[in-house]
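*Asks:* Fold the stuff below for me.
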Amino acid sequence: MSPQQRVEERIVGADWALDEFDRVHFDRCELVDVDLTEAVLTGCVFTNCVLASVRANAARLTHCALLHCVIRRSSLFDATFADCKLTGTQFLDCTLRPLHVDGGDWGFVLLRGQDLTGTKLSGLRLREADLTEADLSRVDLSGADLGYARLTGAKLRGADLRGADRPGPGGAGRGGVRRRRTALTGWAARP
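*Replies:* Presented below is the predicted three-dimensional model:
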């Protein structure tokens, strides 16, 4: 059975709390003021979508993809992303704490200025992510791929960067996060 397709729809005020979605594809859709509280999404794909004022508190997304989406003024309090791909997705003025992430590819994601304090992002692919001025205090980034990630002004107090890979322009850095003042000012890896 092929997945359900939703193309170029504007969905406003839908109550999808506690609903289950399996392999639904949203393409160039706009979801505004949609309630996804405690919803379960499995294998769903959002491509070039806008999610504005969406409530996805305690939602569970498994094997989902949010590709080049904009998530604005939305609440993902206690949401879980398990093995999800968020390539090029932008989080703007969102509530993301606490957030549960279990693997996945968040390459090119924009989390500029977001508060991720205490989040576990270990082993996550964050290649070329924009974490500029994000609060990454006490974040577990152990084993994460931070290759070419932008961390200027990020708060990294107490962050666990053990085994994180952040190769520099020359590709060096296999042994862990490269200590470069320009990118990691004020950071300290846990012992």
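*Asks:* make it CA atoms for all contacts and neighbour counts henceforth
*Replies:* OK.
*Asks:* what about the helices in this structure?
*Replies:* Here the chain has its helices, by DSSP state H, at 181-184.
*Asks:* Could I get the full set of strands for it?
*Replies:* Applying DSSP state E to the chain gives strands spanning 5-7, 10-12, 20-22, 25-27, 30-32, 40-42, 45-47, 50-52, 60-62, 65-67, 70-72, 80-85, 90-92, 100-105.
*Asks:* Need these in a markdown table (columns: mean neighbour count, mean pLDDT and distance to residue 128).
*Replies:* Output for those, formatted as a markdown table (neighbours: other CA atoms under 10 Å; pLDDT from 0 to 100; distance: least, CA to CA, whole Å):
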| stretch | mean neighbour count | mean pLDDT | distance to residue 128 |
| --- | --- | --- | --- |
| strand 5-7 | 13 | 97 | 29 |
| strand 10-12 | 13 | 98 | 31 |
| strand 20-22 | 15 | 98 | 30 |
| strand 25-27 | 20 | 98 | 24 |
| strand 30-32 | 20 | 98 | 26 |
| strand 40-42 | 20 | 98 | 26 |
| strand 45-47 | 22 | 98 | 19 |
| strand 50-52 | 21 | 98 | 21 |
| strand 60-62 | 22 | 98 | 23 |
| strand 65-67 | 22 | 98 | 15 |
| strand 70-72 | 20 | 98 | 17 |
| strand 80-85 | 21 | 98 | 14 |
| strand 90-92 | 20 | 98 | 13 |
| strand 100-105 | 18 | 97 | 11 |
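*Asks:* Distance to residue 148 for those strands - can I get that in a markdown table?
*Replies:* As requested, the strands of the chain are arranged in a markdown table below (distance: least, CA to CA, whole Å):
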| stretch | distance to residue 148 |
| --- | --- |
| strand 5-7 | 33 |
| strand 10-12 | 35 |
| strand 20-22 | 34 |
| strand 25-27 | 29 |
| strand 30-32 | 31 |
| strand 40-42 | 30 |
| strand 45-47 | 24 |
| strand 50-52 | 26 |
| strand 60-62 | 26 |
| strand 65-67 | 19 |
| strand 70-72 | 21 |
| strand 80-85 | 18 |
| strand 90-92 | 17 |
| strand 100-105 | 14 |
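*Asks:* So for residue 112, which of the ones you listed sits nearest?
*Replies:* When the strands of the chain are compared by CA to CA, strand 90-92 sits nearest residue 112, at 7.7 Å.
*Asks:* Just give the closest residue to residue 15, not the sequence neighbours.
*Replies:* residue 35 (5.0 Å; CA to CA, 6 or more residues apart in numbering).
*Asks:* Count the neighbours of residue 143 for me.
*Replies:* 19 (other CA atoms under 10 Å).
*Asks:* List the contacts of it.
*Replies:* Shown in contact with residue 143 (CA atoms under 8 Å, 6 or more residues apart in numbering): 122, 123, 124, 161, 162, 163, 164, 165.
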